[in-house]
Structure formats: C-alpha cells, structure tokens
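Novice: here is a sequence with its predicted model. Questions after.
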Amino acid sequence: MKSVSLCAVALLGTAAASLGATATFDPPLVEVPSGTPALFDVFVAVESLSAFDAADILIGSNEVPDLGFAYSPDWEAAMAGFVTPITYDGGAYGQDVFVGGFRAAGAIQGSVWVGTLTVDTTGLVEGDYPVSVDGATDGMSRLTLAGSWEPLSGAGIVRIPEPTTVGLVAIGVLVWLRRRGR
C-alpha cells in the first residue's frame, strides 16, 4: 500500500512538472563567430490545453548586447491580423523582446512558427549565451484559450567558438602552401 502511494505521488509530480506550453528554438544551438548575428526560428505549442487563441511571449537574455524579432507569415495568418506590436526591453531581462497575438475566431492546435529571433553577438567572447522564454520567471509568457492559460517556456543557446580555431586553420593553409611550393 505504501509503495503504491509513493508511486502515485511520483507520477503526479512528474505530470505537474511537464504541464506548460513549449517555446522551441530552431536550431536549439547556434554557433557563430563574435560579431555575426545568430538566428533562431521560434515555435510555440500547447501542452495541457487543447489549443490556444492568444499568446504573450517574452524572449530574453541577460548576457547578449541586443535582440531583434520579425514575425513569420504563418504567425500573422494564424493571428488573423491581431498581432501584438513588438516591444523591446520590457525589464524582465537585460535584453528582451515581447511578442504575441490574439485570434478572434477559432483556436490554433499544434505548433506554429512565431518568427525569427536575431541575437546580436557584437563584443561577445568565447562561451555559451542562453536566450530563453520562461513564464514561471518572467510572469508574462503564456498561451491562452478562453481564459485558461499555461506558462510558456523554452531556451536556445548562442555559442561563440574560441578564436584560436581560425588561427590554426590559417597556419595549416600556410604550411600546405609552403610544402606545395617545394
């Protein structure tokens, strides 16, 4: 009896942790040299709701110089013209973008492409820089259906590789040219 109760509690805890809408960054990891913009396509999908008719999405980072966003044609069509104007730096992160929309008739099922996030990498040194949507932390990001809502979360990583890799390739080319000249 005791083991069944513990299993039931464990299953409930797992189910509760998995509830929430997802924001998917595609690709999940973008590797670019410093100074080159990193681009992510951002998709959203409901988890526990059957569909959604409104979205509030705050995409942010505390470690990058700037973010930009452009809505996809899919999002503009799905929201039938009720697209929230893009606002920047709402205060939850060092750099953030707030996007969203409202669908007046019907609801959206499955995943939909919201748009393309551009991450400015000017001045970033070697390392990984997270970009995220976290409804639990920012208190804003969520998908809604007729007044019911679920928090939205997801993350992407911008990776700046070490600059010595470029130098090693250049040295290899010079050695090859020198040997070829003999």
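Specialist: Here it is on my side, so go on. Residues are numbered from 1 along each chain as shown.
Novice: C-alpha from now on. contacts and neighbour counts both.
Specialist: Fine.
Novice: hang on, isn't residue 154 packed against residue 20?
Specialist: No - the pair residue 154 / residue 20 is not scored as a contact, 10.2 Å apart, by CA atoms under 8 Å.
Novice: chain center to the strand ranked longest in the chain: distance?
Specialist: Counting by DSSP state E, the longest strand found in the chain is strand 148-160. On the basis of CA atoms, centre = their mean, to the nearest Å, strand 148-160 sits 5 Å off its chain's mean C-alpha point.
Novice: repeat for stretch 76-96
Specialist: 13 Å.
Novice: strands along the chain, start to end?
Specialist: Using DSSP E, strands in the chain cover 21-26, 29-31, 38-45, 54-61, 66-71, 83-88, 95-102, 111-120, 127-134, 142-145, 148-160.
Novice: between the ones you listed, which one is closest to residue 77.
Specialist: Of all the strands of the chain, strand 83-88 sits nearest to residue 77, with 9.4 Å by CA to CA.
Novice: neighbouring strands - and their directions - for the closest one?
Specialist: Sheet pairing of strand 83-88 (DSSP bridges) gives strand 95-102 (antiparallel).
Novice: can you check what angle separates the partner strand from strand 66-71?
Specialist: Using axes from the mean of the first three to the mean of the last three CA atoms, to 10 degrees, the inter-axis angle of strand 95-102 relative to strand 66-71 is 20 degrees.
Novice: pull the residues that contact strand 95-102.
Specialist: If you take CA atoms under 8 Å, 6 or more residues apart in numbering as the criterion, strand 95-102 is touched by 53-69, 79, 82-90.
Novice: tell me the angle that strand makes with strand 111-120.
Specialist: Going by the same axes, to 10 degrees, strand 95-102 makes 160 degrees with strand 111-120.
Novice: any low-confidence regions in the protein?
Specialist: For the chain, applying pLDDT under 70 flags the ranges 1-19, 164-170, 173, 176, 180, 182.
Novice: distance between the ends of stretch 98-112?
Specialist: Stretch 98-112 has an end-to-end distance of 17 Å (CA to CA, to the nearest Å).
Novice: mind listing what's buried along it?
Specialist: In terms of neighbour count (16 or more other CA atoms under 10 Å), stretch 98-112 has its buried residues at 98, 99, 100, 101, 102, 103, 107, 108, 112.
Novice: where's it relative to the chain centroid, distance-wise?
Specialist: Mean-position distance between stretch 98-112 and its chain equals 17 Å (CA atoms, centre = their mean).
Novice: and if you look at stretch 26-42?
Specialist: 11 Å.
Novice: which other residues reach it?
Specialist: Stretch 26-42 has contacts (CA under 8 Å, 6+ apart) with 23-25, 43, 113-126, 155-161, 163.
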